[in-house]
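Novice: need a 3D model of the following:
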Amino acid sequence: MALTLEQRIARTTEKINRNAAEIRRLESQKASAKRAERNHRLIEAAATVEAVVRQSGMTGFEIDNETASEMARLWLASRKKRINGCYMEDALEHLHMKPHKCESIIVISNPSGNQSGDWQSVFLTGMLNDFAEKTEHGIIDFDTYASAPDKYDGWLIYDKSNMKVVDGTLVDELHCDIVGYYDFFSGVEIRVCSDEMDESALWVEVDFGRASIVVENGRWYVSEYN
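Specialist: Okay, here's the model as predicted:
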């Protein structure tokens with residue numbers, strides 16, 4: 001006996017509903033598996049961080065949200081992609097590059113006991129070496145750099161309006177912008193300074209309270225320490 005039109009429609013509707021339910025079940029299953037995989041990956045990552053830090057001598061180190069956030073911010077700062085196509089080199093690699101540039105190493109005091117301060121010291125050292133390499137070429141204000149980016153490629157760039165060291169630029173046919181500064185280290189002030197008698201004499205001063213570091217002519221050194 002042939003099915004009526006209503007029966008055919010009812011069966012088709014039932015089949016569609018069954019398929020939709022199966023699709024929802026599979027999607028839910030897939031989402032659950034993805035969450036489980038992510039949780040497993042995060043646990044492994046946290047365990048790896050703890051193991052590496054403990055191997056350095058901090059036997060009681062345990063990762064928490066605050067420390068993880070600080071590590072992430074510092075890592076991003078060190079690997080931040082500049083819009084003009086340049087990259088800041090890995091700070092850890094910098095520790096093994098051109099050691100003659102490193103006159104001294106200052107470990108930032110960390111009275112709170114939070115081990116993330118030790119990471120900040122590492123990344124600061126990398127930044128200082130990065131600055132030193134750039135000052136071998138020279139120190140140039142952003143407006144001058146923007147007038148001839150290829151000519152001043154590799155130079156240390158600063159903003160004349162606030163004397164901050166520039167950490168990102170966007171210079172092309174449509175744009176001429178500063179997109180970032182080296183101001184992401186808590187409690188550290190980084191400025192370009194000039195000689196009152198000779199404004200063309202420029203250097204970078206990194207001041208973090210009890211110590212001051214100068215970067216110029218391809219090297220950095222401690223100029224003041226209390």
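Novice: immediately after the helix or strand of the chain with the lowest mean pLDDT, which helix or strand?
Specialist: When the helices and strands of the chain are scored by mean pLDDT, DSSP states H and E, helix 91-94 comes last with a mean of 38. As assigned by DSSP states H and E, the chain's next helix or strand after helix 91-94 is helix 116-137.
Novice: in that following helix, what counts as buried?
Specialist: 116-117, 119-120, 122-135 (16 or more other Cβ atoms under 10 Å). (Glycine included, C-beta is placed from N, CA and C.)
Novice: what's the neighbour count on Ser161?
Specialist: Ser161: 10 surrounding residues under other Cβ atoms under 10 Å.
Novice: that one falls within a helix, correct?
Specialist: No - in this structure, Ser161 is coil, not part of a helix, as judged by DSSP: H, G, I helix; E, B strand; the rest coil.
Novice: quick check: the gap between it and Ile178.
Specialist: The gap separating Ser161 from Ile178 is 9 Å, by Cβ to Cβ, to the nearest Å.
Novice: try Val49
Specialist: As judged by Cβ to Cβ, Val49 and Ile178 stand 34 Å apart.
Novice: which of these two has more neighbours?
Specialist: The neighbour comparison of Val49 against Ile178 (other Cβ under 10 Å) goes to Ile178, with 20 against 16.
Novice: who does the more buried one form a beta bridge with?
Specialist: Taking DSSP bridges as the rule, Ile178 bridges to Thr169.
Novice: do Trp203 as well
Specialist: Cys193.
Novice: now do the strands in the protein.
Specialist: With strands called from DSSP state E, the chain shows them at 139-141, 156-158, 166-171, 176-181, 189-194, 202-207, 211-216, 219-225.
Novice: turn those into a markdown table, columns for distance to Arg35.
Specialist: Below are the strands of the chain laid out as a markdown table (distance: least, Cβ to Cβ, whole Å):
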| stretch | distance to Arg35 |
| --- | --- |
| strand 139-141 | 50 |
| strand 156-158 | 44 |
| strand 166-171 | 35 |
| strand 176-181 | 34 |
| strand 189-194 | 41 |
| strand 202-207 | 43 |
| strand 211-216 | 46 |
| strand 219-225 | 46 |
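Novice: pLDDT (mean, whole number) over stretch 191-204?
Specialist: Averaging pLDDT along stretch 191-204 yields 88.
Novice: go through it and flag the buried ones.
Specialist: Buried, per 16+ other Cβ under 10 Å, within stretch 191-204: 191-192, 202-204.
Novice: save these as JSON lines, and put in distance to Glu22 too.
Specialist: Shown next, in JSON lines, are the buried residues of stretch 191-204 (distance: Cβ to Cβ, whole Å):
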{"residue": "Arg191", "distance to Glu22": "64"}
{"residue": "Val192", "distance to Glu22": "64"}
{"residue": "Leu202", "distance to Glu22": "69"}
{"residue": "Trp203", "distance to Glu22": "69"}
{"residue": "Val204", "distance to Glu22": "63"}
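Novice: and the residues you listed, which two are furthest apart?
Specialist: The span of the buried residues of stretch 191-204, defined through Cβ to Cβ, is set by Arg191 and Leu202 at 10.7 Å.
Novice: hang on, isn't Ile140 packed against Leu156?
Specialist: Yes - if you go by Cβ atoms under 8 Å, Ile140 and Leu156 touch, sitting 7.2 Å apart.
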